[in-house]
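Student: what follows is a predicted protein model with its sequence.
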Amino acid sequence: MDVFEAIKGRRSIRAFREADVLSDVIERLIEAASWAPSAGNIQPWEFIIVRNPETKRRLAEAALGQSFVEEAPVVIVVCADEERSARGYGPRGRTLYCIQDTAAAIQNIHLAAYALGLGTCWVGAFREDEARKILNIPEGIRPIAIIPVGYPAEAPLPRSRRPLKQIVHYEKF
């Protein structure tokens with residue numbers, strides 16, 4: 001699949017078929033994530049793969065009641081190791097670079113999933129402290145996104161995008 005086709009074709013999926021997603025397919029998504037760029041090649045990402053129904057239910061509650069999280073056969077929780085980035089870049093690494101790097105890894109998961117016929121959704125609206133407790137995430141590791149993964153049971157239409165002339169600035173803002 002052409003990368004531009006994946007970029008333009010991918011949608012946020014919030015309804016999944018009951019079909020399981022095999023572990024080797026999930027590993028391919030994580031491998032794609034691991035090839036994302038990162039500041040100083042620090043690679044501050046950590047991935048928690050969740051299949052347990054009760055854990056998914058609790059994550060859905062932490063995600064402000066977004067029930068589709070628990071309906072997905074697999075949930076990937078992507079975390080940023082703030083301390084790892086801080087060792088390389090101090091406060092800017094802790095507060096910015098680890099987030100940027102992890103976001104790039106998350107995007108790779110979404111694009112790879114789409115190329116493999118899977119649906120995903122980037123869930124950023126969740127209570128971090130609850131997710132941390134549910135998954136036993138240590139201090140210094142920050143949960144950034146909850147990504148439900150499964151075979152789509154919906155095909156959302158494309159959403160509009162701002163025209164380039166509204167978002168591009170040459171030489172100065």
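Tutor: Noted; the coordinates are in hand.
Student: please report how far the residue nearest the centre of the chain lies from Ala155.
Tutor: Nearest residue to the geometric centre of the chain (CA atoms, centre = their mean): Ile106, 3.8 Å. Taking CB to CB, to the nearest Å as the measure, Ile106 falls 22 Å from Ala155. Just so you know, the C-beta spots here come from the backbone N, C-alpha and C atoms, and that holds for glycine as well.
Student: longest strand anywhere in the chain?
Tutor: Across the chain, the longest stretch assigned as strand under DSSP state E is strand 141-150.
Student: quick one: the helices in this protein, in order.
Tutor: 3-9, 23-34, 53-62, 68-71, 82-92, 98-115, 128-135, 164-167 (DSSP state H).
Student: just so I know, which of those helices lies nearest Ile141?
Tutor: helix 82-92 (7.1 Å; CB to CB).
Student: related to what we said a few turns ago, report the distance from the longest strand of the chain to the chain centre.
Tutor: 5 Å (CA atoms, centre = their mean, to the nearest Å).
Student: kindly report the same for stretch 108-115.
Tutor: So, by CA atoms, centre = their mean, the centroid of stretch 108-115 is 10 Å from its chain's centroid.
Student: check stretch 165-173 too.
Tutor: For stretch 165-173 - counting by CA atoms, centre = their mean - the centre lies 29 Å from the chain centre.
Student: now swap in stretch 83-93 and tell me
Tutor: That offset, for stretch 83-93, works out to 21 Å (CA atoms, centre = their mean).
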